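In: Return a 3D structure for these sequence lines:
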Amino acid sequence: MGDKNKVSLVSIDFENNRNDYIELLEVVKKQIVSARIRASKVVNKELITLYWNLGREITERQKTFGWGKSVVEMLSKDLEGEFDNTRGYSARNLWDMRRFYVEYKDDVILRQLVAEIPWGHNLLIMNKINNKNERAYYINATIENGWTRNTLGIQIKGNAYQHHVLTKKQHNFGAALPAHLAEQVDKTMKDIYMLDFLGITKPVLERTLELKMVEKVKELILELGYGFAFLGNQYKISSVTKDYYIDLLFYHRKLKCLVAFELKIGEFKAEYAGKMNLYLNMLDDFVKEADENPSIGIILCANKDKLEVEYALRGIDKPMGVAEYKLTKELPSELIGSLPTLEELKVEVLGAEYDYEV
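Out: I've put the predicted structure just below:
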């Protein structure tokens, strides 16, 4: 009887402190996830180090003893026979390890970076990218953004490096923002955004384009880049006398600012800059928090005249840029049919739940 009373008292006490218990549960869950992430990073680093060492041993002994290709085939068979339940020692993989070592052994910086990403990511970058600086970009982006292998593949196919780094972008960030922030925003913006994932092959109404982008907001944020969190479409901001609606509004964690996107189905027109200037003024006055940086606007157009953009942005003190979007991308004839379909990509990329922020 005493024990039953004790249990009921504990239950009552638990109910009275349920919020405290939920807080405890959340803390413990986060610690478990963090520990798993740390453990997986350690395991990955050890695996990459192992593959590096195997590649070095093969390379150096071939050089020393003059061994040919047959030694790799023999080594593969012996390793697979010795370690029955271990995958990864096929002749092809051993050749990849050798190439991995040869291609990075003289580059101190990349040697350190490659250990931070999984083997599959390394193979994808090594097979698709030859330029040293471009490899560094995709390796760093994978580390910083936590890209899956499929996401990395999509970024490579979309020429993210060219649009992020090499192309001169059109904006007034240098004049409208402090130097350190202007540089960060420039690195965040692309000159061209690939919207192939929308499945649109011909011009559509701006509202249709917007709804398609909202429908596939996860893919959209992958294309925009790291740090974007979706706040809404047709986001309403109100003055004393009138309501205004922004096509797409995001918050960027690293830049600590609101980012407004306006979608235009045709060529850029100078009046678009004036309308965006209005939106940014209102966002800063009515939506932006006191500790946040000035709001930024990006106008997405099907095409643009660079001279007109330059003159339209001159003299505007609110930070904004103008970029193009591409609904379809021409593929070399030899690749047509060999790439995954949109549905196949959706299964692979969106198979697990993602937050709206990437």
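
In: if you go through the stretch 251-358 of the chain in chain order, where are the strands?
Out: For the stretch 251-358 of the chain, applying DSSP state E, counting those that start in this stretch gives strands covering 257-267, 296-303, 320-326.

In: Just the CA atoms of the first one, as PDB, please.
Out: Written as PDB, here are the backbone C-alpha positions of strand 257-267 (Å, rounded to 0.1, in the frame of the first residue of the first chain):
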ATOM      1  CA  CYS A 257      20.000  40.300 -42.400                       C
ATOM      2  CA  LEU A 258      16.700  39.900 -44.300                       C
ATOM      3  CA  VAL A 259      17.100  39.100 -48.000                       C
ATOM      4  CA  ALA A 260      14.300  40.000 -50.400                       C
ATOM      5  CA  PHE A 261      13.900  38.400 -53.900                       C
ATOM      6  CA  GLU A 262      11.800  39.800 -56.700                       C
ATOM      7  CA  LEU A 263      11.100  37.600 -59.600                       C
ATOM      8  CA  LYS A 264      10.800  39.000 -63.200                       C
ATOM      9  CA  ILE A 265      10.000  36.800 -66.200                       C
ATOM     10  CA  GLY A 266      11.600  39.100 -68.700                       C
ATOM     11  CA  GLU A 267      14.500  41.500 -69.100                       C
END
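
In: What are the phi and psi values at the closest residue to residue 251 other than its chain neighbours?
Out: The shortest distance from residue 251 to any non-neighbouring residue, by Cβ to Cβ, 6 or more residues apart in numbering, is to residue 229 (4.8 Å). Any C-beta I mention is one placed from the backbone N, CA and C, and that applies to glycine too. For residue 229, the backbone dihedrals (degrees, to the nearest 10) come out as phi -120, psi 130.

In: Give the burial count for residue 111, as a bare number.
Out: Using other Cβ atoms under 10 Å, residue 111 has 13 other residues around it.

In: Use 55 as the first number from now on
Out: Okay, using 55 as the starting number, the last item reads as residue 165.

In: Could you find the closest non-adjacent residue to it?
Out: Among residues not flanking residue 165 along the chain, residue 158 sits closest, at 5.2 Å (Cβ to Cβ, 6+ apart).

In: Next, the contact list for the one you found, please.
Out: For residue 158, the contact set (Cβ atoms under 8 Å, 6 or more residues apart in numbering) comprises 164, 165, 168.

In: between those residues, which is nearest residue 322?
Out: residue 164 (38.8 Å; Cβ to Cβ).

In: next structured bit after the helix or strand containing the closest one?
Out: Remark: residue 164 resides in helix 162-167, with elements defined by DSSP states H and E. Sequence-wise, the next helix or strand downstream of helix 162-167 (DSSP H and E) is helix 173-182.

In: check which helix or strand covers the nearest residue to residue 169 once chain neighbours are set aside.
Out: Spatial nearest neighbour of residue 169, excluding adjacent residues (Cβ to Cβ, 6+ apart): residue 102 at 4.6 Å. Using DSSP H and E, residue 102 sits in helix 72-119.

In: so after that helix, what's the next helix or strand?
Out: Using DSSP H and E, the next helix or strand after helix 72-119 towards the C-terminus is helix 124-136.

In: If you count neighbours, what's buried in the helix or strand just after that following helix?
Out: The helix or strand immediately downstream of helix 124-136 is helix 145-158, counting by DSSP H and E. For helix 145-158, burial by neighbour count (16 or more other Cβ atoms under 10 Å) applies to 145, 147, 148, 149, 150, 151, 152, 154, 155, 157, 158.

In: do stretch 364-383 as well
Out: Residues 366, 367, 370, 372, 373, 374, 375, 376, 377, 378, 379, 381 are the ones in stretch 364-383 that count as buried (16+ other Cβ under 10 Å).

In: Report the inter-axis angle for the helix holding residue 102 versus helix 173-182.
Out: Relative orientation of helix 72-119 and helix 173-182, computed by axes from the mean of the first three to the mean of the last three Cα atoms, to 10 degrees: 50 degrees.

In: For helix 72-119, name the packing helices and strands.
Out: If contacts are counted by 3 or more Cβ pairs under 8 Å, 6 or more residues apart in numbering; DSSP states H and E, helix 72-119 sits against helix 124-136, helix 145-158, helix 173-182.

In: Which of those sits closest to residue 86?
Out: helix 173-182 (24.9 Å).

In: worst-scoring helix or strand of this protein, pLDDT-wise?
Out: Lowest by mean pLDDT, DSSP states H and E among the helices and strands of the chain is helix 396-403, with a mean of 44.

In: which residues of the stretch 105-254 of the chain score low on pLDDT?
Out: By pLDDT under 70, the low-scoring segments of the stretch 105-254 of the chain are 138-141, 217-231, 233-234, 236-254.

In: one step back: quick one: the residue nearest to residue 305 and residue 307 touch, right?
Out: Yes: at 6.6 Å, residue 283 counts as touching residue 307 under the criterion of Cβ atoms under 8 Å.

In: With neighbour numbers in mind, choose between the two.
Out: Of the pair residue 283 and residue 307, residue 283 is the one with more neighbours under other Cβ under 10 Å, namely 14 against 11.

In: roughly how far apart are that one and residue 337?
Out: Using Cβ to Cβ, to the nearest Å, we find residue 283 at a distance of 15 Å from residue 337.

In: now do residue 367
Out: According to Cβ to Cβ, residue 367 stands 18 Å off from residue 337.

In: Then residue 171?
Out: Counting by Cβ to Cβ - residue 171 and residue 337 are separated by 37 Å.
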